[in-house]
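Q: Pasting the sequence and the predicted model now:
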Amino acid sequence: MREFGLSETQMGSVYSAFLLGYALMMIPGGYLSDRLGPWRTLIGMGFGAAVFTGFTALGTRPGLGALIGIVPALIVVRFLAGACTAPLYPACGRMNANWFPSTRQGLVWGLVAGGAGIGSALSPSLFAWMIPRYGWRDSFLLAGVVTALLAAAWAWYATDWPSDHPSNREIEAPSLSSHKTQATDTHRKAGWRKLLTNRNVVLLALGYGTVSYFEYIFFYWIYYYFREIRHMSQPETSAYATVIFLAWVVMTPLGGWLSDRLVKVFGKKIGRRIVPVGGILLSAFLLFLGTHLSSSFMVGTLLALSFGLASSSDGPFWAATIDAGRENVGTACGILNTGSNIGGFIAPVLTPFIASFAGWSSALYFACFVVALGATIWFFVDATPPSADLIQNAI
């Protein structure tokens with residue numbers, strides 16, 4: 001922005017271009033993971049993301065920006081980066097289903113999401129360290145190289161199924177071992193149209209969208225809220241923002257683990273809903289309570305707990321979607337994450353709009369209301385059946 005005189009609005013369009021490509025390719029990316037398998041899909045995702053992360057350095061001048069303009073060039077590059085990255089979560093969902101029994105899938109997904117939290121926490125510090133030493137262009141190129149190395153490591157080590165892995169030739173995933181051959185034929189016939197008629201998948205996507213609405217307010221506006229609205233000092237703002245994202249890293253796998261344990265005790269229908277319903281409602285209450293307090297410490301603590309409890313529902317959402325999608329897990333997970341992205345798109349824009357005429361407290365109250373609605377969908381979700389009706393309709 002400083003080097004080329006880009007406005008905040010122009011830079012915002014560049015940011016949105018990534019999210020647009022990411023959202024548009026989410027369901028197709030999930031379909032690819034069902035057709036090609038998660039191993040191949042994640043190889044393509046990894047190298048594609050690496051290429052366009054590196055190309056970000058060439059989207060200005062000198063580079064593509066010299067031909068079509070800096071902003072259009074960056075929009076094109078970041079849109080393609082988002083499109084390449086889109087299959088990540090759906091393919092991880094497919095991999096989770098292939099490798100792990102349903103009673104461990106909540107924890108496994110919590111670890112995946114927790115890894116994203118670690119990356120989110122480390123990236124600003126890493127780039128802040130690299131840019132003064134290497135410049136922003138070389139920093140992006142270096143990030144692309146590291147991403148490509150991770151993709152190469154995945155290609156070398158991973159396999160679609162546990163029984164295909166050299167170290168586990170005799171092991172078969174308990175959750176889907178009996179469906180492995182059937183899945184190869186079935187998923188070619190069952191596409192996203194069939195899954196969009198699956199009540200469980202649609203309800204989970206709607207519910208996950210409300211959770212993402214709630215979470216994306218923290219992603220985009222929490223720093224501003226602490227600094228400009230609450231008038232916290234710079235050290236306080238940085239510290240509490242960091243604590244909030246650390247709560248994400250801790251609570252996501254913890255919520256997944258607890259959900260798995262409850263499934264063993266109460267079964268899938270009741271066990272899967274306890275953590276998201278309790279966590280979501282309590283997160284809404286803590287955010288509501290936090291807006292009424294004046295102590296920076298109490299506000300920071302309650303908002304960190306609020307965000308952490310909301311993120312604890314991630315594992316149950318994904319595990320339930322894996323059960324609902326079965327042989328078409330990748331596509332089902334793509335639909336789930338599309339719902340998430342819709343909520344994520346709306347929150348950063350609607351929140352300051354509400355705050356502009358009703359105040360920030362009202363904007364946060366509305367977020368509490370939205371996420372509380374998301375808790376109610378779990379009373380209409382039943383992850384117990386193996387979606388036999390979906391398989392039959394697909395055939």
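A: Right, received. Where do you want to start?
Q: Tell me who's in contact with residue 354.
A: If a contact means C-beta atoms under 8 Å, 6 or more residues apart in numbering, then residue 354 has 362-363, 366 as its contacts. No exception for glycine: its C-beta is placed from N, CA and C like everyone else's.
Q: make it 10 Å
A: 360, 362-367 (C-beta atoms under 10 Å, 6 or more residues apart in numbering).
Q: Got a quick ChimeraX command for the buried subset of the residues you listed?
A: Restricted to buried positions by 16 or more other C-beta atoms under 10 Å, the ChimeraX selection for these reads:
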select :360,363,364,365,366,367
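Q: closest to residue 24 among the contacts of residue 354?
A: Relative to residue 24, the closest of those is residue 367; by C-beta to C-beta it sits at 25.5 Å.
Q: Roughly how far does residue 249 sit from residue 117?
A: 4 Å (C-beta to C-beta, to the nearest Å).
Q: Find residues that contact each of these two.
A: By C-beta under 10 Å, 6+ apart, the residues touching both residue 249 and residue 117 are residue 311.
Q: Name the helix or strand for the residue nearest to residue 75 when sequence neighbours are not counted, please.
A: Take residue 75 and drop its neighbours on the chain: the residue closest to it by C-beta to C-beta, 6 or more residues apart in numbering is residue 17, 4.3 Å away. In this structure, residue 17 is located in helix 8-24 according to DSSP states H and E.
Q: neighbours of the nearest residue to residue 14 once chain neighbours are set aside, just the number please.
A: Spatial nearest neighbour of residue 14, excluding adjacent residues (C-beta to C-beta, 6+ apart): residue 74 at 4.6 Å. Per other C-beta atoms under 10 Å, the neighbour tally for residue 74 reads 26.
Q: For residue 74, give me its contacts.
A: Neighbours of residue 74 in contact, by C-beta under 10 Å, 6+ apart: 4, 6, 10-11, 13-15, 17-18, 55-56, 59-60, 63-65.
Q: Type out the ChimeraX command that picks the buried ones from those residues.
A: For the buried members of the contacts of residue 74, the matching ChimeraX selection, counting by 16+ other C-beta under 10 Å, is:
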select :6,13,14,17,18,55,56,59,60,63,64,65
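Q: secondary structure class for residue 264?
A: helix (DSSP: H, G, I helix; E, B strand; the rest coil).
Q: thought it was touching residue 257?
A: No: Residue 264 is beyond contact range of residue 257, at 11.3 Å (criterion: C-beta atoms under 10 Å).
Q: who's more crowded, the two?
A: For residue 264 versus residue 257, the count of surrounding residues by other C-beta under 10 Å is larger for residue 257: 19 against 10.
Q: Excluding residues flanking it in the chain, which one is nearest the more buried one?
A: Among residues not flanking residue 257 along the chain, residue 107 sits closest, at 4.3 Å (C-beta to C-beta, 6+ apart).
Q: correct me, but residue 340 touches residue 26?
A: Yes: in this structure, residue 340 is within contact of residue 26 by C-beta under 10 Å, at 8.7 Å.
Q: Quick one: mean pLDDT over whichever helix or strand comes after the helix holding residue 17.
A: Downstream of helix 8-24, the next assigned helix or strand under DSSP H and E is helix 26-36. Mean pLDDT, helix 26-36: 87.
Q: and the direction of helix 26-36 versus that of helix 8-24, what angle?
A: 40 degrees (axes from the mean of the first three to the mean of the last three C-alpha atoms, to 10 degrees).
Q: Buried residues in helix 26-36, which are they?
A: Those would be 26-34, 36, for helix 26-36 by 16+ other C-beta under 10 Å.
Q: neighbours around residue 62, how many?
A: By other C-beta under 10 Å, the residues close to residue 62 number 8.
Q: tell me the contacts of it?
A: Contacts of residue 62 (C-beta under 10 Å, 6+ apart): residue 137.
Q: Tell me the secondary structure at it.
A: Put simply, residue 62 is coil when judged by three-state DSSP.
Q: ok, it to residue 13 distance?
A: 22 Å.
Q: same deal with residue 208?
A: In terms of C-beta to C-beta, residue 208 sits 26 Å off from residue 13.
Q: ok so, going back, so what secondary structure elements neighbour the helix holding residue 17?
A: Contact here means 3 or more C-beta pairs under 10 Å, 6 or more residues apart in numbering; DSSP states H and E; on that basis helix 8-24 packs against helix 70-85, helix 329-358.
Q: Of all those helices, which one comes closest to residue 91?
A: Among the helices and strands packed on helix 8-24, the nearest to residue 91 by C-beta to C-beta is helix 329-358 (6.2 Å).
Q: Give the next helix or strand downstream of the closest one.
A: Next along from helix 329-358, by DSSP H and E: helix 360-376.
Q: State the mean pLDDT of that next one.
A: So the average pLDDT for helix 360-376 ends up being 94.
Q: And for stretch 269-279?
A: Here the average pLDDT along stretch 269-279 is 93.
Q: in that stretch, what's buried?
A: Those would be 271-279, for stretch 269-279 by 16+ other C-beta under 10 Å.
Q: Between the residues you listed, which sits nearest residue 253?
A: residue 275 (11.9 Å).
Q: contacting residues around that closest one?
A: 106, 254-263, 309, 312-317, 378.
Q: Skipping its backbone neighbours, what lies nearest it in space?
A: Nearest to residue 275 is residue 259, by C-beta to C-beta, 6+ apart, at 4.4 Å.
Q: and that neighbour, how many neighbours?
A: 31.
Q: do the same with residue 268
A: 21.
Q: that older thread, where do the contact lists of residue 340 and residue 26 overlap?
A: Joint contacts of residue 340 and residue 26 (C-beta under 10 Å, 6+ apart) are residue 89.
Q: Residue 204 versus residue 254, what's the distance?
A: 21 Å.
Q: Which residues are in contact with residue 239?
A: Taking C-beta under 10 Å, 6+ apart, we find residue 239 in contact with 226, 232-233, 296, 300.
Q: just residue 363 next, same as before
A: 217, 221, 225, 291, 347, 350-357.
Q: Buried ones among these?
A: 217, 221, 225, 291, 347, 350-351, 354-355.
Q: Including pLDDT and distance to residue 237, could these go into JSON lines?
A: Below are the buried ones among the contacts of residue 363 laid out as JSON lines (pLDDT from 0 to 100; distance: C-beta to C-beta, whole Å):
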{"residue": "217", "pLDDT": "87", "distance to residue 237": "16"}
{"residue": "221", "pLDDT": "83", "distance to residue 237": "12"}
{"residue": "225", "pLDDT": "88", "distance to residue 237": "9"}
{"residue": "291", "pLDDT": "92", "distance to residue 237": "17"}
{"residue": "347", "pLDDT": "84", "distance to residue 237": "20"}
{"residue": "350", "pLDDT": "86", "distance to residue 237": "23"}
{"residue": "351", "pLDDT": "87", "distance to residue 237": "18"}
{"residue": "354", "pLDDT": "89", "distance to residue 237": "22"}
{"residue": "355", "pLDDT": "88", "distance to residue 237": "18"}
